[in-house]
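**Q** Have a look at this fold, sequence not included:
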């Protein structure tokens, strides 16, 4: 077994070379036992980077109540890795985040995002496995998915997604997918946040109608529940999808279906077996569990369209989906979004991303909380040199509950400097 590290010419410091060589030695000693025999002859690559961001945020919690503005600093070390053999491909990464706000320690948070994706191929079968562990604030990825603003609290999420597909002809295949997600919140005091588990299983088939045209059909079952079993949502659904590459520069997908959801809410209640006099039970009080059930159904949709030019890329999305939330209920989110990326010069690029959400809870657990959420994210990115990059951006967010007279608005200005080390290659 041999372990070699190559660092691209032009590494800025001898220290960087030494650190990368030490990393190579450590990984060569630890990776082989993890990937075992399929890793023989594998080529691994590692790409470390680090970013430092300073921002001014007028409303960190995105709350309509009186709130302070905050200056913050975010340090984000990151490493991406990948490896491949003839049959096995592994990719992943670890990104850390250390957020500190001046004079506002209640907003400080240490976050991470650890991902591992593997794919093993045989002549007719493909086995995939994805593992992800995330710690972040609820107003980050959960807000971007659901459009619902919950209390500013650290969220811990673990996701496991195995899948299998098998080719039955040259153009058709069958597939089976399963995902397990567990979410809990580090600090729920003074909030209504509750952890949950979600399991999703689906079976389906896919066929290539023609070059650039793919048709798929699937049936699925989704189970969402909060511990202790207070809320349980069972969703059954079917959906069909069509993926079409109209040309080398125009691509579109549409997935449309129907879902049926049964929501069960359990709550503790007291039953008096005697007369109630002046509000007081004169008999025996028995604690029992009351169960309330509610059914709902609706359309599911996810459609995207992307057009590329020489220096521009424009894409749009229209969707209606149900997602789990930390409010103890599923939430139905209708979303329309658009993104425009432009390469202004070889070293300067821009990006604008806008979205509008309309959300409502289903199942009867949360009522009178339908809301609208709007977001606008924009940035300019300047590549100062091969490893150095400078980003400056402005973000805007607004949420308005239908039953509340006041909306919440947030403005964020930020500046970020990042450095990417030369890629490290490890062969075995």
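**A** Done, it's in. Since this is a predicted model, take the numbers as computed values, not measurements.

**Q** Helix, strand or coil: sort out residue 143 for me.
**A** helix (DSSP: H, G, I helix; E, B strand; the rest coil).

**Q** so how many other residues sit close to the closest residue in space to it that isn't next to it in sequence?
**A** In this structure, residue 143 finds its nearest non-sequential neighbour in residue 149, 6.0 Å apart by Cβ to Cβ, 6 or more residues apart in numbering. C-betas here are computed from N, CA, C, even on glycine. For residue 149, the count of nearby residues is 22 (other Cβ atoms under 10 Å).

**Q** go on, the one 4 residues further on?
**A** Using other Cβ under 10 Å as the criterion, residue 153 is surrounded by 19 other residues.

**Q** That one touches residue 185, doesn't it?
**A** Yes. Contact criterion Cβ atoms under 8 Å: residue 153 and residue 185 qualify, at 5.0 Å.

**Q** which stretches of the stretch 151-300 of the chain have low pLDDT?
**A** Along the stretch 151-300 of the chain, the parts satisfying pLDDT under 70 run over 190-191, 229, 267-291.

**Q** What distance do you get for residue 316 to residue 336?
**A** Taken as Cβ to Cβ, to the nearest Å, the spacing of residue 316 relative to residue 336 amounts to 8 Å.

**Q** and if you look at residue 194?
**A** Counting by Cβ to Cβ, the gap from residue 194 to residue 336 is 29 Å.

**Q** and what of residue 226?
**A** 30 Å.

**Q** list the buried ones in the helix or strand encompassing residue 238?
**A** Following DSSP states H and E, one finds residue 238 within strand 231-245. By neighbour count with 16 or more other Cβ atoms under 10 Å, strand 231-245 contains the buried residues 231-233, 235, 237-239, 241, 243-244.

**Q** Equivalent analysis for stretch 380-391, please.
**A** Those would be 381, 387, 389, 391, for stretch 380-391 by 16+ other Cβ under 10 Å.

**Q** Quick one: distance of it to the chain centre.
**A** Taking Cα atoms, centre = their mean, to the nearest Å, one finds stretch 380-391 lying 26 Å from the centre of the chain it belongs to.

**Q** rewinding a little: now, which of the buried residues of stretch 380-391 sits nearest residue 419?
**A** residue 387 (5.4 Å; Cβ to Cβ).

**Q** ok so residue 106 is a strand residue?
**A** No. Counting by three-state DSSP, residue 106 is not found in a strand; it is helix.

**Q** sorry, back to before: may I have the phi/psi pair for the residue nearest to residue 143?
**A** Residue 149 adopts backbone torsions of phi -90, psi 120, taken as degrees, to the nearest 10.

**Q** right, and it touches residue 374 too?
**A** No. Taking contacts as Cβ under 8 Å, residue 149 lies outside contact range of residue 374: 11.8 Å.

**Q** what do the two both touch?
**A** Counting by Cβ atoms under 8 Å, 6 or more residues apart in numbering, the contacts common to residue 149 and residue 374 are residue 399.

**Q** And stretch 180-195, end to end?
**A** One end of stretch 180-195 to the other measures 14 Å (Cα to Cα, to the nearest Å).

**Q** Tell me the buried residues in it?
**A** For stretch 180-195, by 16+ other Cβ under 10 Å, it's 181, 183-185, 193-195.

**Q** Could you list which of these belong to strands?
**A** Secondary structure defined by DSSP state E assigns 181, 183-185 of the buried residues of stretch 180-195 to strands.

**Q** Generate CSV for the residues you listed, with distance to residue 93 as supplementary columns.
**A** Shown next, in CSV, are these (distance: Cβ to Cβ, whole Å):
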residue, distance to residue 93
181, 19
183, 21
184, 23
185, 24
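
**Q** Name the nearest of those relative to residue 214.
**A** Of those, the one sitting nearest to residue 214 (Cβ to Cβ) turns out to be residue 181, at 26.8 Å.

**Q** Phi first, then psi, for residue 405.
**A** The phi/psi pair for residue 405 (degrees, to the nearest 10) is phi -80, psi -20.

**Q** And the host helix or strand of residue 47, what's buried?
**A** Using DSSP H and E, residue 47 maps to strand 43-57. Of all the residues in strand 43-57, those buried under the rule 16+ other Cβ under 10 Å are 44-46, 48-49, 51, 53, 55, 57.

**Q** Tell me the helix or strand right after it.
**A** Next in sequence after strand 43-57, counting helices and strands by DSSP H and E, comes strand 70-84.

**Q** Now do the buried residues in the helix or strand just after that following strand.
**A** Next in sequence after strand 70-84, counting helices and strands by DSSP H and E, comes strand 88-101. Under the neighbour-count criterion of 16+ other Cβ under 10 Å, strand 88-101 has 88-97, 99, 101 buried.

**Q** Packing partners of strand 88-101?
**A** Judged by 3 or more Cβ pairs under 8 Å, 6 or more residues apart in numbering; DSSP states H and E, the packing partners of strand 88-101 are strand 70-84, strand 109-121.

**Q** Nearest to residue 262 among the ones in strands among the buried residues of stretch 180-195?
**A** Distances from residue 262 to those, taken by Cβ to Cβ, are shortest for residue 181, at 19.8 Å.

**Q** okay, who's weakest in the buried residues of strand 43-57 by pLDDT?
**A** When those are compared by pLDDT, residue 44 scores lowest at 89.
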